[in-house]
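Novice: quick one: sequence and predicted model below, then my questions.
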Amino acid sequence: MEESLAHCLKFFTIVYLLCLASLSSAFAHVRGLDEQPLSNIAILKTTLALRDSVSIKASPQILGLQGEDTEWVTVNLINPDASVNDWIAVFSPANFNSSTCLPANDEDQAPYICSSPIKFKYANSSNSKNTKTGTADLKFQLINQRADFSFALFSGGLSNPKLVAVSNFISFANPKAPLYPRLAQGKSWNEMTVTWTSGYALNEAVPFVEWGVKGKTQIQSAAATLTIDQNSMCGSPARTVGWRDQGFIHTSFLVNLWPNSLYTYRMGHLLSNGSYIWSKTYSFRSSPYPGQGSLQRVIIFGDMGKAERDGSNEYSNYQPGALNTTNQLIEDLKNIDIVFHIGDITYANGYISQWDQFTSQVEPIASAVPYMIASGNHERDWPDTGSFYENTDSGGECGVLAETMFYVPAENRAKFWYSTDYGMFHFCIADSEHDWREGTEQYKFIEHCLASADRRKQPWLIFAAHRVLGYSSNDWYAKEGSFEEPMGRESLQKLWQKYRVDIAFYGHVHNYERTCPIYQNQCVSSEKSHYSGTMNGTIHVVVGGGGSHLSEFTTAIPNWSIYRDYDFGFVKLTAFNHSSLLFEYKKSRDGNVYDSFTISREYKDVLACVHDSCAPTTLAS
């Protein structure tokens, strides 16, 4: 009897713990922290409640008269019946009634509005006395998104929207202008790719990049053009209320670059009448030759997302650290050579307009240094689409936006794994949203990527993926008892050990954590700040505090956890030469260093055998 009771108690304890883990992972959704703010608008339930007594006017009428791609707009509101539930939405295109949209559902009664706004804010956000005075002047920051804009006043809050008034239409002087360049490493070390967005179809204009060594003769390189269509989205909201035409995405390949040289470039479109449309002029420094011993500085973070400088969309709760991280990188840009944003890029979650806004946010960075991305759950995951996880985190995007808006040097961009070289660094970027386990296509890629590093020339071998395939003491991983993504280490830790990966980086968990050099759950060094000689294990780093709401740690600190920080931040790696590497964790709030270590070693230390790393040898002569 006692034995049976013990078994029952054990069973219920396990069930209870599993329930706790499920509730914990769901709790963020209950609080709304994981919800795209635009998803809180019940736009299909909109009813018409136009009032002659209400006026809403936007100025200036024409934006970007001096070539600007970002401009502040003033919205003047007069509403005698103002309420705390009133909110103002920005629509683009400006004509947003359902006659301009494809059917959004199968109901007999078509909705009045079937497309989400691109942003919104409450009418009293700039004046708490709005409900008493009935007047307000609100400031919105708009970016050029290839279409005109209008502003609409709604009453009834987000859950029961009633359309009260619509403003005049405003637009940029050239809504089709080439904008928001994103640099990325090509498939060869001496190739740089430039990707940008415009409103020019191929039958209207020929896209190209004019470029060359700064101060020398410039040449022109043709660009390929891709578009995204609504039918390529896998589900709602991306296929329905979140859909927005992304225009045309162009990519040009600048080849045969001289190593470590300063280049200038600008995007151009040759119109059918023989005239040219030009972007601003930008510059970048080309990649060093693999193995070249120059000073090299790398930034790594995940889960940044976007935020609104005008305070729209309640983004302070969604990605509260995004602008701080962006601003710190812009401020230190002269000391950065390449950036890796390892998954959860925009958190658009099917609201496609947000991709433009993200590329605008990071333009000062991505136009100057390679901006390399990895695939995360909020880019890829959707049921029955081949993603490893059957969840709906991408909002129906199923990887299409990430694969098209940004270039990565993958053999197949739908399979988002790739390798890239930068001087003394060799990077192997995995796709945690596709199966990585032993025997899979990706596993074979990972092993080949790690094995292909010439450690004499490229001593610093870096692995990165979005989900934590290594170690994390995040609370939900702790409650699962795994301290990692389930099945994360089972196949990959022997590869990290065999090829002696220096550091493995992850996002997904929105905090910072660094482990000791570790193998099979055991620290292989007691050192914490300076590692020298042979590295017997890999250091694992969670750097998912790029900007999205923070993740809690478990209260019990594992013995392999060297440093934990519940804050927003990013990592900077500085390779001084082939034997000296500096690791720094910086907080986004001030850019100061809060955790660091150094690695010093010689080539013979990389070659030295460690546990499970060397093939059998023979004494035969």
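Specialist: Here it is on my side, so go on.

Novice: buried residues, stretch 526-533. List them.
Specialist: residue 531 (16 or more other Cβ atoms under 10 Å). Any C-beta I mention is one placed from the backbone N, CA and C, and that applies to glycine too.

Novice: actually stretch 320-328, not the one I typed
Specialist: So, applying 16+ other Cβ under 10 Å, buried residues of stretch 320-328: 320, 321, 322, 323, 324, 325, 326, 328.

Novice: count of neighbours near residue 114?
Specialist: Neighbour count for residue 114, taken as other Cβ atoms under 10 Å: 22.

Novice: likewise residue 217?
Specialist: When counting by other Cβ under 10 Å, one arrives at 6 neighbours for residue 217.

Novice: hang on, it in a helix?
Specialist: No: with DSSP: H, G, I helix; E, B strand; the rest coil as the criterion, residue 217 is coil rather than part of a helix.

Novice: where does pLDDT dip in the stretch 351-500 of the chain?
Specialist: Judged by pLDDT under 70, the stretch 351-500 of the chain has no weakly predicted residues.

Novice: that one: helices as residue ranges?
Specialist: With helices called from DSSP state H, counting those that start in this stretch, the stretch 351-500 of the chain shows them at 353-361, 363-366, 377-380, 400-405, 441-451, 475-480, 488-498.

Novice: got a list of what the nearest residue to residue 222 once chain neighbours are set aside touches?
Specialist: Excluding the flanking residues, the one nearest residue 222 by Cβ to Cβ, 6 or more residues apart in numbering is residue 208, at 5.3 Å. When contacts are counted by Cβ atoms under 8 Å, 6 or more residues apart in numbering, residue 208 is found next to 220, 221, 222, 223, 252, 267, 268, 269, 270.

Novice: let's see the ChimeraX selection covering just the buried ones among those.
Specialist: A single ChimeraX command selects the buried members of these (16+ other Cβ under 10 Å):
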select :223,252,267,268,269
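
Novice: is it fair to say residue 137 lies in a helix?
Specialist: No: counting by three-state DSSP, residue 137 is not part of a helix but strand.

Novice: beta-bridge partners for it, please?
Specialist: Applying DSSP bridges to residue 137 gives these bridge partners: residue 76.

Novice: just checking, it touches residue 76?
Specialist: Yes: with contacts counted by Cβ atoms under 8 Å, residue 137 reaches residue 76, the gap being 5.6 Å.

Novice: isn't there a strand covering residue 277?
Specialist: Yes: under three-state DSSP, residue 277 sits within a strand.

Novice: how would you label the residue nearest to residue 222: helix, strand or coil?
Specialist: strand.

Novice: so for it, what's the pLDDT?
Specialist: Looking at residue 208, its pLDDT reads 98.

Novice: hey, what's it bridged with?
Specialist: residue 222, residue 268.

Novice: how close does it get to residue 194?
Specialist: 10 Å (Cβ to Cβ, to the nearest Å).

Novice: what is in contact with those two at once?
Specialist: Counting by Cβ under 8 Å, 6+ apart, the shared contacts of residue 208 and residue 194 are 223, 252, 267.

Novice: tell me which strands the helix or strand hosting the second one pairs with, and in which orientation.
Specialist: Same thing as residue 252. Applying DSSP states H and E as the criterion places residue 252 in strand 248-254. With DSSP bridges as the test, strand 248-254 is paired with strand 192-198 (antiparallel), strand 219-226 (antiparallel).

Novice: low-confidence regions, the stretch 51-200 of the chain specifically.
Specialist: 98-110, 128.

Novice: now with 80?
Specialist: 97-111, 126-132 (pLDDT under 80).

Novice: ranges for the strands of it?
Specialist: Secondary structure of the stretch 51-200 of the chain (DSSP state E, counting those that start in this stretch): strands located at 55-59, 62-63, 70-78, 87-91, 119-122, 135-143, 150-155, 162-166, 171-172, 179-185, 192-198.

Novice: partner strands of the fifth one, with direction?
Specialist: Same thing as strand 119-122. strand 87-91 (antiparallel).

Novice: list the contacts of the partner strand.
Specialist: By Cβ under 8 Å, 6+ apart, strand 87-91 touches 41, 56, 75, 77, 115, 117-123, 138, 140, 142, 149-154, 157-158, 312.

Novice: mind listing what's buried in it?
Specialist: 87, 88, 89, 90, 91.

Novice: equivalent analysis for stretch 404-412, please.
Specialist: By 16+ other Cβ under 10 Å, the buried positions in stretch 404-412 come out as 404, 405, 406, 407, 408, 409, 410.

Novice: quick one: the closest residue to residue 587 other than its chain neighbours and residue 582, what's the gap?
Specialist: Closest residue in space to residue 587, ignoring its immediate chain neighbours: residue 569 at 4.6 Å, by Cβ to Cβ, 6+ apart. Note on residue 569: its distance to residue 582, by Cβ to Cβ, is 16 Å.

Novice: what of residue 294?
Specialist: 15 Å.

Novice: and the pLDDT for residue 5?
Specialist: 41.

Novice: whoops, residue 538 was the one
Specialist: Confidence score, pLDDT, at residue 538: 98.

Novice: that one touches residue 470, doesn't it?
Specialist: Yes: taking contacts as Cβ under 8 Å, residue 538 lies within contact range of residue 470: 7.4 Å.

Novice: hey, where'd the strands end up in the stretch 251-400 of the chain?
Specialist: Listed in chain order, the strands found in the stretch 251-400 of the chain under DSSP E, counting those that start in this stretch are 262-271, 276-278, 282-285, 296-301, 338-342, 371-374.
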